[in-house]
Structure formats: structure tokens, C-alpha cells
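Asks: fold the stuff below for me.
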Amino acid sequence: MSGPVAAPSNTGSPADVPRVAPARLTAFITGALQAAGLPENDAATVASLMVEADLRGSDTHGVIRLPLYLRRLKAGGVKARPNIRVVQEKASTALVDGDNGIGHLVMRFAAMTAIEKAKRTGVAWVGARLSNHAGPAALYAMMPLAHDMIGLYLAVGSNNHLPPWGSTENLLGTNPLAVAIPAGEEPPIVLDMAPTVAAFGKVRLKMQRNEELPVGWMIGRDGKPLTDPKRADEGLLLPIGDYKGSGLSLIIGLLAGTLNGAAFGRDVIDFVKEPGKATNTGHAIVAISVEGFMPVADFKRQVDVIVRTMRGAERLPGVERIWLPGEQSHLKRQDRVAHGIPMPKPLRDSLDAAVRDLCVAPLE
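Replies: A predicted model of the protein is given here:
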């Protein structure tokens with residue numbers, strides 16, 4: 001039996017990769033989005049969330065997505081000035097219409113709506129439709145933490161790369177699930193996962209670097225392992241736990257997509273290949289007030305005990321440390337706040353190229 005391996009370095013990048021200060025990157029993204037048509041406040045909000053993704057080590061869902069967002073804005077696939085609003089609600093539920101705005105704005109609005117409702121009712125479930133890609137799931141699951149709440153986030157992926165179990169047709173996405181649970185002295189528990197062995201963003205990163213895909217990430221339509229990055233677009237992602245991962249993607253899609261009147265299954269638009277089309281992306285956010293169950297301080301103290309118990313469990317040979325969900329991202333954030341966000345030259349070049357026509361100064 002093989003055990004868990006030691007965690008990578010806190011930065012997640014080689015030591016010789018240049019870095020950029022979070023404030024500088026935020027200003028750069030804000031300027032680019034504003035030049036693309038977003039109001040200044042909206043541009044700043046999206047920029048801060050994108051940089052937060054990079055600070056936490058979600059390098060496939062942060063500033064690396066800016067060129068794609070700019071292409072979609074230019075092509076008309078995303079509305080720069082949406083009218084994001086609640087269109088249906090009850091005491092503990094709401095449905096948000098994103099009016100085809102950038103997903104970060106839609107989901108922040110949905111999360112704030114859920115938090116305010118949960119303050120009154122103890123728990124709230126808010127769905128969203130007519131949205132777009134919103135970055136990593138953890139961003140939104142963590143928003144209720146500041147209010148002593150547990151956060152749960154679900155979304156329909158922005159393209160389909162996973163077949164129903166036993167099929168060769170990609171009808172499901174890497175539909176993310178994130179849960180954030182507050183702690184006391186310890187970092188919060190933050191689980192952010194896809195129902196596949198690897199999210200397609202990681203596959204795309206291997207494609208860009210022309211690196212071989214690990215066995216177990218994808219298969220071809222012949223059912224055999226696919227490791228050639230040049231063939232990734234014709235492959236099928238493998239779910240975690242075989243049929244269980246496929247079933248989890250289905251359930252998430254029904255709750256975040258179908259329940260909200262958002263796209264799912266064959267209706268999902270590939271936001272990379274069709275930048276001029278609205279995706280009608282669906283999300284769901286749940287906020288649960290801890291004080292509805294016990295005093296907040298007692299709960300956080302008990303979570304701390306559980307965290308330390310798990311971390312202190314007897315380890316397999318060769319395992320240096322047991323990591324709980326969110327711990328590595330927490331350490332990466334501390335490092336990157338202090339020393340900057342890694343900015344490899346290919347990424348910097350792609351960002352500068354993306355803003356060249358917008359008369360935005362290059363990222364220095």
C-alpha cells in the first residue's frame with residue numbers, strides 16, 4: 001500500500017521564478033478590466049478575487065485566466081455592465097440572475113446574499129444562473145467564515161471533460177465542490193476539489209508546458225491511458241473513485257445548474273473554444289450559522305482539537321507531515337503575501353500581450 005507523499009514547497013513554484021507584489025498585480029488586473037469596459041469598482045472587486053486565488057496557490061484559476069476573460073469581454077461572450085439581482089426568494093433561499101456578468105461579481109453577490117439571510121434564519125441556500133467562470137471554488141466557500149459561518153459552494157464547470165461512468169461522451173464537467181469550516185487558533189478547514197483525478201486546468205498547464213500527462217489523469221476513447229499532452233482535447237478525464245466521482249459530478253450539476261435554470265449536460269458551452277457565446281453558468285452557495293447549533297467559541301475550540309488530532313496521527317513510513325484540507329494554501333498565502341506572487345516569464349508575456357490593445361502598461 002502506498003501512502004501520502006510529503007507536501008511540496010509552500011510557494012508551489014521554483015525559487016528562481018520572479019515574483020510580483022499582490023498590490024501591483026491587483027492594479028494591473030483592475031486597469032485591464034476597466035479598459036475592457038468594467039466599472040472601476042467592479043474591476044477592482046474581480047481583480048482582488050483573482051489575486052486572492054493566486055495568493056492561495058490556485059495558479060490555474062487566478063491571473064492566468066485574465067487573457068481569456070478579456071477575449072470573452074471583447075467577443076461579447078460576457079457583459080461588462082450586468083444587472084446582477086435576486087429574481088426569486090424566500091426566507092432562506094434566493095435565486096440570483098447574473099445577467100451574463102463575470103462570475104466573480106455574480107458569486108460575490110450570491111455569497112453576500114446567503115450570508116445576510118443566514119444571519120436571520122441560521123442557514124441560507126442561494127443559487128445563481130446566467131453567470132460565468134468565477135475562479136476557484138474556495139474563494140466563495142470561505143466568504144461566510146468571517147461571519148462565523150460554514151460555507152458550501154457548488155458550480156457547473158465551464159466545459160465538459162468527463163463522461164458518465166461507462167460512456168465515451170463528455171457530458172459532465174469538473175464540477176467543483178468546496179467546503180470551509182471555521183477554526184479557532186488553527187487555519188480553517190477548506191476542502192476545494194473536483195470530482196476528477198485532475199482538473200482540466202492542470203491538464204491545460206501540462207499542455208502549455210508540453211509535459212507528459214501522468215498515468216491515471218486521462219484515458220482515450222479506447223479506454224487506454226492517455227499521456228500525450230497534444231491529444232488531451234480528445235481524451236476523457238478520469239473521475240475520483242470510479243463511478244462515485246462521476247455520480248458526484250452529476251449531483252453537483254443538478255444542484256448548481258438544473259435547479260437554477262442554468263446550463264448542464266449538452267447545454268454547457270465551452271468558454272475557451274466559444275468566447276463569443278454566453279455560458280449560462282450555474283452556481284450555488286450555502287451559508288450555515290454555527291451559533292444555530294452551539295456557541296461559536298466552543299465549536300472553534302473543538303475544531304482545533306480535531307485538527308491537531310488528525311495532524312498528530314501516526315504516520316506511514318516516509319511521510320513527513322499529515323496535511324489537512326486548506327493548510328498548504330494557507331501557508332502559500334502567508335509566503336506570497338510576504339514575498340510576492342510567482343510570475344513565470346511565459347505567463348507575464350501572455351498577460352502583457354493580452355493588454356497591449358487596451359493601452360494598459362505592461363506588468364513590471
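Asks: who touches the longest helix along the chain?
Replies: Across the chain, the longest stretch assigned as helix under DSSP state H is helix 103-121. The contact list for helix 103-121, computed with C-beta atoms under 8 Å, 6 or more residues apart in numbering, reads 42, 45-46, 49-50, 82, 84, 86, 91-94, 96, 98, 124-128, 130-135, 139-140, 143-144, 147, 149, 151, 153, 281, 283, 285-289. Placement of C-beta: from N, CA and C, glycine included.
Asks: list the buried residues for it?
Replies: Using 16 or more other C-beta atoms under 10 Å as the test for burial, helix 103-121 gives 103-111, 113-115, 117-118.
Asks: what mean pLDDT would you report for that helix?
Replies: Throughout helix 103-121, pLDDT has a mean value of 98.
Asks: quick one, strands of the stretch 201-350 of the chain?
Replies: For the stretch 201-350 of the chain, the strands defined by DSSP state E, counting those that start in this stretch occupy 218-219, 236-237, 281-289, 341-342.
Asks: against which helices or strands is the longest one packed?
Replies: Other helices and strands packing on strand 281-289, by 3 or more C-beta pairs under 8 Å, 6 or more residues apart in numbering; DSSP states H and E, are helix 103-121, strand 123-131, helix 138-141, strand 149-155, helix 243-256.
Asks: try it again at 7 Å.
Replies: helix 103-121, strand 123-131, strand 149-155, helix 243-256 (3 or more C-beta pairs under 7 Å, 6 or more residues apart in numbering; DSSP states H and E).
Asks: now those as TSV including distance to residue 277?
Replies: Listed next are these as TSV, based on distance: least, C-beta to C-beta, whole Å:
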stretch	distance to residue 277
helix 103-121	15
strand 123-131	13
strand 149-155	18
helix 243-256	19
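Asks: closest one to residue 309 among the ones you listed?
Replies: Across the helices and strands packed on strand 281-289, residue 309 has its closest neighbour in strand 149-155 (19.5 Å, C-beta to C-beta).
Asks: partner strands of that closest one, parallel or antiparallel?
Replies: Paired strands of strand 149-155, with direction, are strand 177-181 (antiparallel), strand 281-289 (antiparallel) (DSSP bridges).
Asks: where do the helices of the stretch 251-364 of the chain begin and end?
Replies: 296-311, 327-339, 345-355 (DSSP state H, counting those that start in this stretch).
Asks: worst average pLDDT in those?
Replies: helix 345-355 (a mean of 94).
Asks: quick revisit: tell me which of the helices and strands packed on strand 281-289 lies nearest to residue 76.
Replies: strand 123-131 (14.5 Å).
Asks: can you count the residues close to residue 140?
Replies: 29 (other C-beta atoms under 10 Å).
Asks: contacts only, for the nearest residue to it once chain neighbours are set aside.
Replies: Using C-beta to C-beta, 6 or more residues apart in numbering and skipping the chain neighbours, the partner closest in space to residue 140 is residue 153 (4.6 Å). By C-beta atoms under 7 Å, 6 or more residues apart in numbering, the contact list for residue 153 reads 137, 140, 141, 178, 285.
Asks: tally of neighbours for the fourth one?
Replies: When neighbours are counted by other C-beta under 10 Å, residue 178 registers 23.
Asks: pretty sure it is in contact with residue 139, am I right?
Replies: No: checked against C-beta atoms under 7 Å, the pair residue 178 and residue 139 is beyond contact range at 8.3 Å.
Asks: quick one: contacts for the residue nearest in space to the middle of the chain?
Replies: When C-alpha atoms, centre = their mean is applied to the chain, the residue found nearest the centroid is residue 136 (1.3 Å). Applying C-beta under 7 Å, 6+ apart to residue 136 gives the contacts 53, 58, 61, 192.
Asks: against residue 16, how distant is it?
Replies: 26 Å (C-beta to C-beta, to the nearest Å).
Asks: residue 203: which of the helices and strands packed on strand 281-289 is closest?
Replies: Minimum separation from residue 203 across the helices and strands packed on strand 281-289 (C-beta to C-beta) falls at helix 243-256, 15.5 Å.
Asks: counting contacts, what elements does that closest one pack onto?
Replies: strand 149-155, strand 172-173, strand 281-289.
Asks: hmm, try it at 10 Å
Replies: strand 123-131, strand 149-155, strand 160-162, strand 172-173, strand 177-181, strand 281-289 (3 or more C-beta pairs under 10 Å, 6 or more residues apart in numbering; DSSP states H and E).
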